[in-house]
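**Q** Prediction below, plus the sequence it came from.
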Amino acid sequence: MAKALVVADDLTGANACAAGFARAGMRAVTLGRTDDWSTIADFHPRFDTIVVTTDSRHSPPEEVFGPIDQAVRAGWPVELLSTRIDTTLRGNVGTATEAMLTTARELSDRRVVGLCLAAHPAADRVTVDGHQLLRGSRLEHTELAHDPRTPVDTSDVAEVLRRSSDLRVGHLPLHLVTGHHDALVAAVRTMLGADIDVIVADSLTEEHLDRVAIAAVAAGDDIQWVTVDPGPGALAMARALGLPDGSGAGPLLAVSGSATELTRVQLQRLITERACRVVRPTTLTDSVVPDVDATVADVVRAVESSAPDEIVLVPTVLDGSDLRRLSPDEGDALPGALGRITRRVLRETGVSGIYTTGGDITAAVLHELDGQGLDVEDEVVPLAVAGEIVAGPHAGLPMVTKGGLVGDAETTLLCLDRLTVMARDRQRSARAAPKVARTLPPQQPAHPGRTGDDTT
């Protein structure tokens, strides 16, 4: 299940935040605004971090609570909640923070407290004496003060948080952040005893963010921390909680429905030369068609016990003893059953890529995954293609596919090796998921001319 849920107020910031989690080795996905936030739950089994955007930076404050409340409820439970804010404090910062804290307090059995780590040191945004500085200057002393849409009139983080909210805000000054760890932990505990809603921490470097996050976690196991930050702070808290555990990369799923002699030779070679777990489908009585329910359970267990880059192979035919003439009805039913098995496995657990052999099998898998096809990268060998699934809840998932009579004894090895490389590359980046359409209600039209939050 997902470990972190980040709710951002714009898509550019959401993507940047997700990319940071992906670089830390956590599978991350960004989801655009939707009218049906319940779809967030569909992504829980496949990602460590889910980043959604409400596209509410410029919305009236009264329209901010609803989307955040629905997104948090749909994404719960997670170990880390974060409201992603603009690095220059534009937008509904206080309202969004109060909304997330309010909903989290209804859902969590622990005390919920916000930790505002507004600094983004890599982008030259730092927090000193509770004020946000852009390239060394207070925000109100920069061109942001003349922004035509959202002019910035203060760099005081606490003041921004209190606007349109009733938040009680405390401050961790730089001398504590850079001082002894025990003193920093004690200061956090003192603020918790004062019934503070949000703690604002000074930070000049990413090390400072890490120090604050570690101290916050050490201050009490009974606290559900909610970070308020532009991305690096949430990642610091994720590290402090031990969430990036190196398990972001999942195994590969290979589905073979071809009975050709060449396919059998290729699969035997694969089993011999690569780390591979074979799950023979459980079949229906007096049939070669897989029993979907029974087979899914076996495949899920294999996936969850497999290491990253290991291969979970689901073959209908592995050697000559498996050969059997299919009736017309069985021939029609077999691809669909394998497609449904694949869909349900991906719904219940996570894999880093899919390999299919057999044209009917590939078509059935894509159909069941709501994929419109492959965004083809290239051919591994002639007639064996590598690409990413287009559209659907698994958009961007690497996939390699070939026909049952394609290649030679080495081809399946080459295909899985290519899939491994593609999966590792994807692990380093965050993908947007078009399944959740970025649809906006009429009162909040899209703004084609809007720039990202870090362009100033």
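**A** Alright, I've got the coordinates. Keep in mind that this is a model prediction, so the values were computed, not measured. Numbering: from 1, shown residues only.

**Q** beta partners of the closest residue to Asn15 other than its chain neighbours?
**A** Spatial nearest neighbour of Asn15, excluding adjacent residues (Cβ to Cβ, 6 or more residues apart in numbering): Thr30 at 5.2 Å. Every C-beta, even on glycine, is put in place using the N, C-alpha and C of the backbone. For Thr30, the beta-bridge partners under DSSP bridges are Val51, Ala432.

**Q** How many neighbouring residues does Thr30 have?
**A** A total of 26 residues lie near Thr30 under the criterion other Cβ atoms under 10 Å.

**Q** Which pLDDT value belongs to it?
**A** As predicted, Thr30 sits at a pLDDT of 90.

**Q** go on, Arg149?
**A** On pLDDT, Arg149 comes in at 84.

**Q** ok, it - how many residues close by?
**A** 9.

**Q** Show the model's pLDDT score for Ala213.
**A** pLDDT, Ala213: 97.

**Q** Determine the three-state secondary structure at it.
**A** Three-state assignment for Ala213 (DSSP: H, G, I helix; E, B strand; the rest coil): helix.

**Q** hang on, it packs against Ala236?
**A** Yes - taking Cβ atoms under 8 Å as the definition, Ala213 is a contact partner of Ala236 at 4.2 Å.

**Q** Return every residue with contacts to both of those two.
**A** By Cβ atoms under 8 Å, 6 or more residues apart in numbering, Ala213 and Ala236 have these common neighbours: Leu117.

**Q** could you point out where the chain is predicted with low confidence?
**A** Along the chain, segments meeting pLDDT under 70 span 245-249, 427-456.

**Q** Is the residue sitting furthest away from the middle of the chain within a helix or a strand, and which one?
**A** Distance from the C-alpha centroid of the chain peaks at Arg325, with 43.8 Å (Cα atoms, centre = their mean). Assigned by DSSP states H and E, Arg325 belongs to neither a helix nor a strand.

**Q** need the contact list for it.
**A** Counted by Cβ under 8 Å, 6+ apart, Arg325 has zero contacts.

**Q** what's the spacing between it and Leu334?
**A** Distance, Arg325 to Leu334, by Cβ to Cβ, to the nearest Å: 13 Å.

**Q** Likewise for Val113?
**A** Val113 is 55 Å from Leu334, by Cβ to Cβ.

**Q** Spell out the residue ranges of the helices in the stretch 151-300 of the chain.
**A** Using DSSP state H, counting those that start in this stretch, the helices of the stretch 151-300 of the chain run over residues 157-162, 174-177, 181-193, 206-218, 232-240, 261-273, 292-304.

**Q** Reformat those as CSV; add distance to Glu388 and mean neighbour count.
**A** Compiled in CSV, those are given as follows (distance: least, Cβ to Cβ, whole Å; neighbours: other Cβ atoms under 10 Å):
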stretch, distance to Glu388, mean neighbour count
helix 157-162, 40, 22
helix 174-177, 42, 17
helix 181-193, 44, 16
helix 206-218, 32, 21
helix 232-240, 25, 25
helix 261-273, 22, 18
helix 292-304, 20, 18
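
**Q** Now distance to Cys17 too, for those helices, in a markdown table please.
**A** As requested, these are arranged in a markdown table below (distance: least, Cβ to Cβ, whole Å):
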| stretch | distance to Cys17 |
| --- | --- |
| helix 157-162 | 18 |
| helix 174-177 | 22 |
| helix 181-193 | 24 |
| helix 206-218 | 14 |
| helix 232-240 | 7 |
| helix 261-273 | 38 |
| helix 292-304 | 27 |
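
**Q** Met422 is nearest to which of those?
**A** Closest approach to Met422 among these (Cβ to Cβ): helix 261-273, 17.0 Å.

**Q** rewinding a little: and of the helices of the stretch 151-300 of the chain, who's closest to Leu414?
**A** helix 261-273 (9.8 Å).

**Q** for the closest one, the distance to its chain's centre please.
**A** From the chain centre to the centre of helix 261-273 is a distance of 34 Å (Cα atoms, centre = their mean, to the nearest Å).

**Q** tell me what it is packed against?
**A** The contact analysis (3 or more Cβ pairs under 8 Å, 6 or more residues apart in numbering; DSSP states H and E) places helix 261-273 against strand 252-256, strand 311-315, helix 411-427.

**Q** ok, and which of these has the densest surroundings?
**A** Highest mean neighbour count among those (mean count of other Cβ atoms under 10 Å): strand 252-256, with a mean of 27.

**Q** and stretch 279-288, which residues are buried?
**A** Val279, Pro281, Thr283, Ser287, Val288 (16 or more other Cβ atoms under 10 Å).

**Q** Mind checking what helix or strand follows the longest strand seen in the chain in sequence?
**A** For the chain, the longest strand by residue count, based on DSSP state E, is strand 373-381. Scanning forward in sequence from strand 373-381 by DSSP H and E, the next helix or strand is strand 384-390.
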